[in-house]
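In: Sequence first, then the predicted structure, then my questions.
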Number of protein chains: 2
Amino acid sequence: MTHTGRKPDEGERYRAILETAARLICERGYEGTSMQEIAAACRMTKAGLYHHIQNKEQLLFAIMNYGMDLFEEQVLSKVQDIADPVERLRACMRHNILLVTRGWSKEVIIILHEHATLTGEARAFIDARKKKYVDFLQEAFAQAAAQGRIRPVDPTIGAFSFLGMVLWIYKWFKPDGRLTDEQIADGMVDLLFPQVAAAGAEGQPGTSPLRVVRPTGTTGPDSSGTGTETP
Amino acid sequence: MTHTGRKPDEGERYRAILETAARLICERGYEGTSMQEIAAACRMTKAGLYHHIQNKEQLLFAIMNYGMDLFEEQVLSKVQDIADPVERLRACMRHNILLVTRGWSKEVIIILHEHATLTGEARAFIDARKKKYVDFLQEAFAQAAAQGRIRPVDPTIGAFSFLGMVLWIYKWFKPDGRLTDEQIADGMVDLLFPQVAAAGAEGQPGTSPLRVVRPTGTTGPDSSGTGTETP
DNA sequence: ATGGTATTACCTACCGGTCGGTAGGCTGCT
DNA sequence: AGCAGCCTACCGACCGGTAGGTAATACCAT
């Protein structure tokens, strides 16, 4: 007998397959990963793998839905009840950046990279789940702008600027670079949603477009060796 | 045998092949596009195509170098001599956004999407060309911050925020959406590099992090139907 | 407790087709 | 004559996917 004997709690095994497949697809791309390789990584034959899944595209669809679940659990659900729109956006950006930089969910990276791989209904379904996030951001931007808390900006442009800054990170971030993910999160949050000084103590009015609490902080002076990738 | 560099006398046909291949690879991805399809789109057989190129990876490398040439010609060369760092960044963002939104150069989109497809020396070569752009942006951010023209921000974080906003656009922009590319460019430039009022006439200090020239402009009030894609 | 029957979870072996790439031949221009 | 440019024909490897079998387990009436 093979070394089975254990009872894998139904969905447990399936999720393990999704995570293994996600790891490979994240590394080599969807088209660049064969079912053979995925099966081998799951310590199975290809036919054995096909016992659990329908076909390759459905596998990708399942991975992406799993990734959206993880995102909603680790980002959206943690910030959507924050009353203040700016604080909501700040916390959201922070959580989202850390979701991307910490490599715990390859599924999320696949959602980001393979944005045009799925077609038809599966594509539409994932896009609809994404759109809920965009709507959430747009509303927060609209509220923040209506309260005069941020510069007046088209909520769509605000939302997609937010997303660009945050999600592009997957293309260049390396965990052993000069900047930690925490520093990146802090820096980007303060760049897009600056904290206003509590008291208006002015040094000189100058031409600086806005006053800031944070002095200069951890910002090193132009050390060109970044340790990060190119975008 | 053939040498790596193409001879200039018959560059026309070669560039047409690059552009045709780029169109297909941009649509279906590098791994998802076969040499068969590329050859057919060039109205050739596969063997005929291989008369002009060495192999598939070299073809991608040539496309990416061509894309970097186009980028440097249409963006970098037009802004790198602007003395004022903020104006340099504003103009650069604008040109770069329009390079992405107008679909004239599929090669550039391929550079963005296939950021991890090349390996070895070819990958390092393209990455080095990209890095020159990152360095250019970092220096501009450092200068602008040193002059107090923008919020003090780590130049690396500034540069990659800039790039994220600009380059992520390829994932969601549709030319027939609600926002034109010009509106997106204007909105993003004003969001990241706000124009300061010429005279410091203050109404009330308030909580608004910065004072703005632009009143509310073309910003429509939260029309949720965006016409754009999901990110 | 027992035997019978489904069901699950895999396997080997194979399918038609396509992959990137090449050998060698045939044109037509110089 | 020589060569660029392009062709037909083909290579071995691999693609996504399936047919059919097998061992182990789960369920269940007796």
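Out: Here it is on my side, so go on. Numbering: from 1, shown residues only, chains lettered A, B, ... in the order given.
In: center of chain A - which residue?
Out: By Cα atoms, centre = their mean, the mean C-alpha position of chain A lies nearest to residue A:100, the distance being 4.2 Å.
In: Please list the outside residues in contact with the helix or strand hosting it.
Out: Under the assignment given by DSSP states H and E, the secondary-structure element containing residue A:100 is helix A:85-101. Defining contact as Cβ atoms under 8 Å, 6 or more residues apart in numbering or on different chains, one finds that helix A:85-101 is touched by A:70-71, A:74-76, A:78-80, A:82, A:105, A:108-109, A:112, A:137, A:140-141, A:143-144, A:147, A:149-150, A:162, A:165-167, A:169-170, A:173, A:175, A:181-182, A:184-186, A:188-189, A:192-193. Quick note: C-beta positions are derived from backbone N, CA and C, even for glycine.
In: starting at the chain centroid, how far to the longest helix anywhere in chain A?
Out: What stands out as the longest helix in chain A, according to DSSP state H, is helix A:120-146. From the chain centre to the centre of helix A:120-146 is a distance of 14 Å (Cα atoms, centre = their mean, to the nearest Å).
In: And it, what does it pack against?
Out: Here helix A:120-146 is seen to pack against helix A:56-71, helix A:85-101, helix A:155-167 when contacts are counted using 3 or more Cβ pairs under 8 Å, 6 or more residues apart in numbering or on different chains; DSSP states H and E.
In: If you count neighbours, what's buried in it?
Out: Of all the residues in helix A:120-146, those buried under the rule 16 or more other Cβ atoms under 10 Å in any protein chain shown are A:122-123, A:126, A:129-131, A:133-145.
In: Just want the angle from the helix holding residue A:100 to helix A:155-167.
Out: Per axes from the mean of the first three to the mean of the last three Cα atoms, to 10 degrees, the angle that helix A:85-101 makes with helix A:155-167 is 30 degrees.
In: Could you pull up the contacting residues of the spatially closest residue to residue A:161 that is not a sequence neighbour?
Out: The shortest distance from residue A:161 to any residue that is not its chain neighbour, by Cβ to Cβ, 6 or more residues apart in numbering or on different chains, is 4.7 Å, and that residue is residue B:165. Residue B:165 makes contact with A:160, A:161, A:164, A:165, A:168, B:93, B:188, B:192, according to Cβ under 8 Å, 6+ apart.
In: Residue A:47: neighbour count?
Out: Here the number of neighbours of residue A:47 (other Cβ atoms under 10 Å in any protein chain shown) works out to 9.
In: ditto for the one 4 residues further on
Out: The criterion is other Cβ under 10 Å. On that basis, residue A:51 has 8 neighbouring residues.
In: and if you look at the one 4 residues further on?
Out: Burial measure for residue A:55: 10 neighbouring residues, criterion other Cβ under 10 Å.
In: and it, what are its phi and psi?
Out: Geometry field for residue A:55 lists phi and psi as phi -160, psi -180, criterion degrees, to the nearest 10.
In: Please report the distance of residue A:106 from chain B.
Out: Per Cβ to the nearest Cβ, to the nearest Å, residue A:106 is found 13 Å from chain B.
In: from memory that residue sits against residue A:21, does it?
Out: No. With contacts defined as Cβ atoms under 8 Å, residue A:106 does not count as touching residue A:21, sitting 9.2 Å away.
In: Which residue is the nearest non-sequential neighbour of the residue of chain A at minimum distance from DNA strand C?
Out: Closest approach of chain A to DNA strand C (Cβ to the nearest atom of the strand) occurs at residue A:48, with a separation of 2.5 Å. With Cβ to Cβ, 6+ apart as the measure, residue A:39 is the residue that lies nearest to residue A:48, at 6.5 Å, once sequence neighbours are left out.
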